[in-house]
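J.: Sequence plus predicted model, see below.
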Amino acid sequence: MHKAGKSSLPLSLSSSLSSLSTLFILIVMLSSRARSLSMSATKTKPIHFHWFRQDLRLHDNPALNKCIQNSNRSPKNDVSNGIVPIYCFDPRFVGGNSITTFGSQKCGVMRAKFLLDSVEDLRQNLEKKGSGLIVAYGKTEDIMANLCKTIDEEVAKKEEGAGIEPMVSVQEEPSSEEYKVDKAVKRAVKTFKKNATGSLDTIWAATLYDLDDLPFNDGVLGMPDTFTPFRNKVEKKCRIPSPLPVPPKTSLAMPKNQAVTSVLTGKGESSVPNCSLSYMPTLADLGYSPEEINQATNPDERGVMTFVGGETAGLKRVQEYIFDKDLLKTYFDTRNGMLGGDYSTKFSPWLAHGCISPRFIAKECKRYEDETGIVNKSTYWVVFELLWGCYFRLFSLKHGDKIFLLDGTLGREAHGTHPNSVKWGMNKKHVQAWREGKTGYPLVDANMRELAATGFMSNRGRQNVASFLALDMKTDWRYGADHFETTLLDHDVYANWGNWCQAAGMTGGRVNRFNIVKQSKDYDKEGDYVRHWCPELCNIPTKLVHEPWKMSSEQQMEFDCRLGVDYPNPIVTVTASNPYSRDRDNKGGKGRGKGGEKGKRGGNNPNRGRGQRQDMKSLKQGGYTFD
């Protein structure tokens, strides 16, 4: 009789059951993990940051409006509903210790002061709308990583398993240094914690016309490399979109979540150093010396005007120039002046920082035309010059870093095969003399001294000093562009470097060599400007003031100005101006001009000479239309 015992299964069947058991366990584990991820996902709340950069305004701000739209489309909760405006003082771009590859300060103290004014004004305007502005000091990607990590941890403490998904909107800046930071910020919001899902959305803005509307094959890549054909085609084929209004108060509200608020105010248990709704660095915090700070906070009385940063001051200047003082109607005739606050619009510092938008200014010009019935070359020319700034931004997008290279967009052609080829030199003493306004050429020296003292220089002055450095001194033009980057209140990387590259002939277009003495006599007929900034020339009569090297020894004693002692001898002998180039406005600026009586050419600009009048006749009026 057989003993009863455990039944045994075939080996193959036993193995199959074991595999099924393992598969079942694996399915259960994966399902659990999926449920966990799903629960985590449902608790991840988008938080919307608008990163202010070169758009320090509330009106006509496409990137800010995109952030608001993203918030409105988010799930309804106390983190996702609302926006978090933020500005970072990045030490790579602003500060006493930020140095360029040419050894200069990247941002001089006067522009830093204007920037601080602008950020403070932006904060006040947001607070008036019931919102606020996070201000931080540090590398932007580090600030964003720390801020997101801290907010995420605080939100999780209040709600188990919850977290944030940072969504950052920012105006696109088509320059390599800015792109590098964009890439780092994008990486920061995706890696501030494990499985982070942040994003960075760059929005094109700051040009009169939208990128998608450009009437060229291949879009911006197909645009001409010279301004006139670009201008002719966009003015004929494109319409300027109407500027966006200031968002309503409800759209600018910040998230109501208490954990988020505690971090942003910097008053909770967890906060990010030098980053809050109340923090604002000083010039000293940014690394500027007491001497530099004294210069920035005590404006030189000889300057054309006192520039105060911010959207409020920018809008006030637009209203004042166009409507209150009624100067727009004669802008074309007076824009080449160099003395006084109203020979030109002086909009450029606010434009460069994004405190006012080019579309807004263009719309105000159109409003002036509609309300007054005055439509002439002057009312058009401000918009024409705004288009120059837009052109260089697009030119930079097309050519990238080539505008920063010695050979520009010409590349190898600049080494002999192109007519504009130049063998560049470098005399450090001459460059320093140019920077200090000690070249021996009064028009150049007066302009460079004005720039050093105030951070501003007229458009006419910029063209002359650039031509002098690049074409008369035959000096590496990038040292000029670099110096302007340091000192200009209205430094715009695209307009500045693009204009310098073009002035040196390295974009391949016509070279405009300026005859310094002729320009002096045309645009400072009586010598008032050069005497204003070069007081050692104050006793020299008008017929010699632009050419002091012609004074005899007796005249030097008579007029109390000894060459080589009181005023320098010319450091170089200037070459004759290019016979195929005319002294004309080939570059434009951000809008500068004065005004006078209706119907009078030139307004009350007594220094406008015969050459300037002839120059004006050659410039043709175009047109523009709005959506």
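T.: Arrived safely, thanks for sending. Source: prediction; values computed, not measured. Residues are numbered from 1 along each chain as shown.

J.: Now do Pro247, the pLDDT please.
T.: pLDDT recorded at Pro247 is 98.

J.: Find the nearest non-adjacent residue to it, please.
T.: Ile68 (5.8 Å; CB to CB, 6 or more residues apart in numbering). All C-beta atoms are positioned from the backbone trio N, CA, C, and that covers glycine.

J.: what comes into contact with the host helix or strand of the one you found?
T.: Assigned by DSSP states H and E, Ile68 falls within helix 62-72. Residues outside helix 62-72 that contact it (CB atoms under 8 Å, 6 or more residues apart in numbering): 46, 48-50, 52, 55, 58, 80-83, 85, 167, 169-171, 201-205, 244, 247, 251-252.

J.: hang on, Thr625 packs against Ser242?
T.: No - assessed by CB atoms under 8 Å, Thr625 is found out of contact with Ser242, at 11.1 Å.

J.: So these two - more neighbours on which side?
T.: Each of Thr625 and Ser242 has its neighbours counted (other CB atoms under 10 Å); Ser242 has more, 14 against 10.

J.: The more buried one against Phe360, yeah?
T.: No - with contact defined as CB under 8 Å, Ser242 and Phe360 do not form a contacting pair (9.7 Å).

J.: Leu85 should be in a helix, yeah?
T.: Rather than Leu, residue 85 is Pro. No - Pro85 is assigned strand when assessed by DSSP: H, G, I helix; E, B strand; the rest coil, not a helix.

J.: neighbours around it, how many?
T.: Quick note: Pro85 (other CB under 10 Å) scores 23 neighbours.

J.: before we move on, what about Tyr137?
T.: 19.

J.: Number the residues from 3 up from this point.
T.: OK, 3 is where the count begins now, so the last one is Tyr139.

J.: who's in contact with it?
T.: Cys90, Phe91, Pro93, Asn276, Cys277, Tyr281, Pro283, Asp287, Leu288.

J.: nearest residue to the second one other than its sequence neighbours?
T.: Of all residues beyond its chain neighbours, the one nearest Phe91 is Tyr139 (4.7 Å), with distances taken as CB to CB, 6+ apart.

J.: ok, now how distant is the one you found from Phe54?
T.: According to CB to CB, to the nearest Å, Tyr139 and Phe54 sit 14 Å apart.

J.: do Leu491 as well
T.: 19 Å.

J.: now do Lys141
T.: 16 Å.

J.: Compare those two (neighbour count), which wins?
T.: Taking other CB under 10 Å, Lys141 and Phe54 do not tie; Phe54 has more neighbours (26 against 17).

J.: hang on, Glu167 is in a strand, isn't it?
T.: Yes - per three-state DSSP, Glu167 lies within a strand segment.

J.: Around it, count how many other residues there are.
T.: Counted with other CB under 10 Å, Glu167 comes out at 20.

J.: That one: what's it in contact with?
T.: Applying CB under 8 Å, 6+ apart, the residues contacting Glu167 are Thr46, Lys47, Pro48, Ile49, Ala198, Thr199, Gly200, Ser201.

J.: The second one: which element?
T.: Translated: Lys47. According to DSSP H and E, Lys47 maps onto strand 46-54.

J.: Convert that strand to CSV, retaining C-alpha atoms only.
T.: What follows is strand 46-54, C-alpha atoms only, in CSV (Å, rounded to 0.1, in the frame of the first residue of the first chain):
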residue,chain,number,x,y,z
THR,A,46,2.2,69.3,-8.8
LYS,A,47,1.1,72.8,-9.2
PRO,A,48,2.4,75.1,-11.9
ILE,A,49,3.8,78.4,-10.7
HIS,A,50,4.2,81.2,-13.2
PHE,A,51,7.3,83.5,-13.1
HIS,A,52,7.7,86.5,-15.3
TRP,A,53,11.5,87.1,-15.5
PHE,A,54,11.9,90.8,-16.3
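
J.: to the chain's geometric centre, what's the distance from it?
T.: Centre-to-centre, strand 46-54 and its host chain are 24 Å apart (CA atoms, centre = their mean, to the nearest Å).

J.: same question, stretch 78-85
T.: Distance of stretch 78-85 from its chain centroid, counting by CA atoms, centre = their mean, is 31 Å.

J.: hmm, who's touching that stretch?
T.: 47-52, 69-70, 73, 76, 133, 157, 166, 253-259, 262.

J.: that older thread, just give the strands next to the strand holding Lys47 in its sheet, each with its orientation.
T.: Here strand 46-54 is paired, per DSSP bridges, with strand 85-91 (parallel), strand 165-173 (parallel).

J.: can you give me the helices for the stretch 203-352 of the chain?
T.: Here the stretch 203-352 of the chain has its helices, by DSSP state H, counting those that start in this stretch, at 229-239, 260-267, 292-299, 313-321, 333-336, 350-354.

J.: Which one of those lies nearest to Lys400?
T.: helix 229-239 (10.7 Å; CB to CB).

J.: same question for that closest one, mean pLDDT?
T.: For helix 229-239, mean pLDDT is 96.

J.: Now do it: which elements does it pack against?
T.: helix 379-401 (3 or more CB pairs under 8 Å, 6 or more residues apart in numbering; DSSP states H and E).

J.: Would you check the distance separating the helix it packs on from the middle of the chain?
T.: Here the centre of helix 379-401 is set off from its chain's centre by 14 Å, with CA atoms, centre = their mean.

J.: CA atoms only for it, dumped as CSV, please.
T.: What follows is helix 379-401, C-alpha atoms only, in CSV (Å, rounded to 0.1, in the frame of the first residue of the first chain):
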residue,chain,number,x,y,z
LYS,A,379,9.2,114.4,-42.4
SER,A,380,9.7,115.1,-38.7
THR,A,381,6.7,113.2,-37.5
TYR,A,382,7.9,110.3,-39.6
TRP,A,383,11.6,110.5,-38.7
VAL,A,384,11.2,109.4,-35.1
VAL,A,385,9.6,106.2,-36.3
PHE,A,386,12.3,105.8,-38.9
GLU,A,387,15.0,105.9,-36.2
LEU,A,388,13.1,103.4,-34.1
LEU,A,389,13.2,101.1,-37.1
TRP,A,390,17.0,101.4,-37.1
GLY,A,391,17.1,99.9,-33.6
CYS,A,392,14.8,97.1,-34.6
TYR,A,393,17.0,96.4,-37.7
PHE,A,394,20.1,95.9,-35.6
ARG,A,395,18.2,93.5,-33.2
LEU,A,396,17.1,91.5,-36.2
PHE,A,397,20.6,91.8,-37.8
SER,A,398,22.1,90.3,-34.6
LEU,A,399,19.5,87.4,-34.7
LYS,A,400,20.6,86.7,-38.3
HIS,A,401,24.3,86.9,-37.8
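
J.: got the buried residues for it?
T.: Using 16 or more other CB atoms under 10 Å as the test for burial, helix 379-401 gives 379-401.

J.: Could you do stretch 50-59 as well?
T.: His50, Phe51, His52, Trp53, Phe54, Arg55, Gln56, Asp57, Leu58, Arg59.

J.: got the end-to-end distance for that stretch?
T.: 18 Å (CA to CA, to the nearest Å).

J.: and that stretch, average pLDDT?
T.: 98.

J.: Now do the strands in this structure.
T.: Assigned by DSSP state E, the strands in the chain fall at 46-54, 85-91, 136-139, 165-173, 201-205, 277-278.

J.: Mind checking those for the one nearest to Asn498?
T.: Once these are compared by CB to CB, strand 165-173 is nearest, at 18.3 Å.

J.: Point out where the protein drops to low pLDDT.
T.: 3-44, 577-621 (pLDDT under 70).

J.: can you count the residues close to Asn422?
T.: 16.

J.: Spit out the contact partners of it.
T.: Neighbours of Asn422 in contact, by CB under 8 Å, 6+ apart: Leu412, Ala416, Gly507, Met508, Gly510, Val513.
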